[in-house]
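>>> predicted model and sequence below, questions to follow.
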Amino acid sequence: MDAEKFRSILKGGEGVSVEFKVCQKSPGDDTYETICSFLNRVGGDIFLGVRDDGTVRGVPNDSVQKFINDITSTISNPKNFSPTVYLAPEHFVYEDKDIIHIPVHSPSEVYRYKGVIHDRTNSSDVKVTSISAITLMYNRKQNIFTERKVFPNIKDDDMRFDLFPKIRKMILGKYPDHPWKDMTDKEIIQSAGLYSEDPETGKQGYNLAAILLLGKDSTIKRTCPTHRTDVLLRKYNVDRYDDRLIVETNLIESYPLMLGFAEKHLLDKFYLEKDQNISLRGIIAREMLINSLMHREFTSTYFAKFVIEKDRMFTENANRAAGAGPITPDSLEPISKNPIIAAFFRNIGYADELGSGTRKLHRYVKLYSGKDPLMMEGDFFKIIVPLNDEYSFDANIGQPKETTADVSFLSDTESKVYRAICGGSVTTIGEIAAMSGVPERTVRRAIGTLGEGGLITRKGSKKTGKWVQK
């Protein structure tokens with residue numbers, strides 16, 4: 001590895017695909033747990049001889065080859081790794097210090113180290129023990145679309161064919177010459193890929209996508225019992241809620257129910273675009289809710305959420321993650337998590353082309369609240385939108401101001417964490433890490449420094465509270 005590339009990695013710090021290990025004696029369990037978690041996530045690069053904060057210490061020169069031999073023998077031993085794996089550690093010198101680089105790929109198998117599955121979350125290795133989390137991992141690794149699961153025993157009587165007049169009206173309102181306009185209900189179902197054949201058994205039937213879109217509530221409960229969205233208003237009673245809606249019906253009717261809740265509790269600020277008044281509230285809520293309905297992993301036991309708080313709102317749902325970390329318009333790589341459902345949403349006018357939602361959110365949230373949204377990819381996908389009822393783009397009211405506190409004594413890393421906290425829309429260590437671009441372990445150290453320096457304070461309970469600017 002050349003010095004310039006390594007210097008750039010050091011500056012970026014640890015993350016979902018970068019890990020530093022001091023490793024002065026020999027590679028320990030923590031090194032192999034990271035290898036396992038990288039194999040199970042998106043791959044990455046491990047550097048031995050580097051502290052957590054990016055300080056290069058180097059490994060002992062006389063131990064380099066021994067370390068490499070230990071690594072290759074451990075990962076190829078079936079008593080340690082199941083299945084065994086081949087990696088090629090490499091040695092290079094940086095500023096007269098010896099570094100060992102372990103490049104890790106991401107195969108299609110799920111790996112165990114000493115019988116334990118490890119996964120990567122931001123800059124941490126975590127043990128995976130729950131059946132639902134392991135299932136999600138297998139689905140992700142094998143590129144399984146669970147929406148395609150076929151249910152041969154589901155009959156026409158289990159479906160909501162009474163929705164088709166509404167569906168046709170939505171289609172023709174958006175696309176007057178749509179090919180579906182002259183099709184029968186059954187022909188639309190076939191064309192949309194909602195009735196398919198199980199490749200293993202050869203049996204035909206409605207798939208999970210069809211049931212979620214068009215199934216009766218009882219049918220959905222029978223085939224996908226964890227399908228639910230908790231919709232909460234939590235502005236004053238932050239430990240419970242001020243208003244609540246539980247949505248467990250089909251996806252076509254779920255969206256207007258959730259949108260109505262958002263319209264009830266969010267300000268609809270005036271905004272002119274090309275001499276036309278548009279609803280910023282409607283655009284932002286639409287993109288958040290459609291994303292949550294269209295791209296969630298429905299087989300997870302984790303209930304989806306849409307929560308409106310005093311200074312932010314967010315959606316959170318289980319996800320078949322393609323990567324991990326924050327998503328921006330520049331880093332966006334559009335991937336449909338449920339292509340059948342997504343295509344149906346586009347045909348009825350609920351959704352636009354793949355990836356447009358991210359760009360719209362970044363554009364219109366800035367106009368609505370004066371700050372940027374945060375989108376975090378992982379096994380749980382989260383969209384966080386800051387709220388500021390006093391802010392008005394048109395009237396130039398409530399423009400965000402820079403803090404007047406003296407922060408010149410802070411390091412670059414501490415300044416990034418401080419700015420993320422001052423933004424007001426992040427609460428967890430993971431969210432602060434994503435917003436600041438700083439590894440979680442470093443965020444924890446920085447919070448200690450900022451708290452001792454009197455710049456931040458903890459507000460609210462341990463469960464629902466957050467760090468705020470003092």
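Arrived safely.
>>> how close does residue 413 sit to residue 367?
For residue 413, the distance to residue 367 equals 31 Å [Cβ to Cβ, to the nearest Å]. All C-beta spots, glycine's among them, are computed from the backbone N, C-alpha and C.
>>> do residue 232 as well
25 Å.
>>> number of nearby residues for the residue lying closest to residue 161 once chain neighbours are set aside?
Computed as Cβ to Cβ, 6 or more residues apart in numbering, the closest residue to residue 161 that is not its neighbour in sequence is residue 185, at 5.6 Å. Residue 185 has 16 neighbouring residues, counting by other Cβ atoms under 10 Å.
>>> what does residue 370 give?
In terms of burial, residue 370 registers 17 neighbours under the definition other Cβ under 10 Å.
>>> that one reaches residue 389, doesn't it?
No - Residue 370 sits out of contact with residue 389 when judged by Cβ atoms under 8 Å, with a separation of 11.4 Å.
>>> so where do the strands sit in the stretch 151-300 of the chain?
195-197, 204-207, 229-234, 243-247, 272-273, 276-277 (DSSP state E, counting those that start in this stretch).
>>> same check on the stretch 351-470 of the chain?
Along the stretch 351-470 of the chain, the segments classed as strands by DSSP E, counting those that start in this stretch run 374-377, 380-386, 456-459, 466-469.
>>> for residue 121, find the nearest of those.
For the strands of the stretch 351-470 of the chain, the distance to residue 121 is smallest for strand 380-386, at 9.7 Å, taking Cβ to Cβ.
>>> helices or strands up against that closest one?
helix 280-295, strand 312-318, helix 356-369, strand 374-377 (3 or more Cβ pairs under 8 Å, 6 or more residues apart in numbering; DSSP states H and E).
>>> pLDDT below threshold where in the stretch 1-150 of the chain?
In the predicted model of the stretch 1-150 of the chain, residues 142-143 satisfy pLDDT under 70.
>>> now with 90?
Of all residues in the stretch 1-150 of the chain, those with pLDDT under 90 make up the ranges 1-4, 7-9, 11-17, 24-26, 41-43, 52-54, 105-109, 120-126, 129-146.
>>> show me the helices in it, by range?
In the stretch 1-150 of the chain, helices defined by DSSP state H, counting those that start in this stretch lie at 3-12, 29-40, 64-75, 131-141, listed in chain order.
>>> repeat that for the stretch 301-450 of the chain.
Assignment of helices within the stretch 301-450 of the chain using DSSP H, counting those that start in this stretch yields the ranges 339-347, 356-369, 412-422, 429-436, 440-452.
>>> relative to residue 91, which of these is closest?
helix 440-452 (26.0 Å).
>>> hmm, back to that, of the helices of the stretch 301-450 of the chain, which is nearest residue 74?
Closest approach to residue 74 among those (Cβ to Cβ): helix 440-452, 24.4 Å.
>>> need the pLDDT of residue 362.
Per-residue pLDDT puts residue 362 at 89.
>>> need the contact list for it.
Counting by Cβ atoms under 8 Å, 6 or more residues apart in numbering, residue 362 makes contact with 328-329, 372-373.
>>> only the buried subset of the residues you listed, as a PyMOL command please.
The following PyMOL command selects only the buried members of those, with burial defined by 16 or more other Cβ atoms under 10 Å:
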select buried, resi 372+373
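>>> return the member of the contacts of residue 362 nearest to residue 215.
Scanning the contacts of residue 362 for proximity to residue 215, where the rule is Cβ to Cβ, the winner is residue 373, at 32.0 Å.
>>> disregarding residues adjacent in the polypeptide, which is nearest to the closest one?
Closest residue to residue 373 in three dimensions, ignoring its sequence neighbours and counting by Cβ to Cβ, 6+ apart: residue 365, at 4.4 Å.
>>> same question for residue 253.
residue 163 (7.8 Å).
>>> how much space separates that neighbour from residue 304?
21 Å.
>>> what does residue 120 give?
Using Cβ to Cβ, we find residue 120 at a distance of 23 Å from residue 304.
>>> can you give me the neighbour number for the spatially closest residue to residue 450 that is not a sequence neighbour?
Computed as Cβ to Cβ, 6+ apart, the closest residue to residue 450 that is not its neighbour in sequence is residue 456, at 4.6 Å. Neighbourhood size, residue 456 [other Cβ under 10 Å]: 21.
>>> for residue 456, name its beta-bridge partners.
Note on residue 456: beta-bridge partners residue 469, judged by DSSP bridges.
>>> surely it and residue 418 touch.
Yes - using Cβ under 8 Å, residue 456 is in contact with residue 418, at 7.1 Å.
>>> list residues touching both of those two?
Both residue 456 and residue 418 are in contact with 450, 469, where contact means Cβ under 8 Å, 6+ apart.
>>> quick one: residues contacting residue 447.
By Cβ under 8 Å, 6+ apart, the contact list for residue 447 reads 417, 429, 432, 456, 467.
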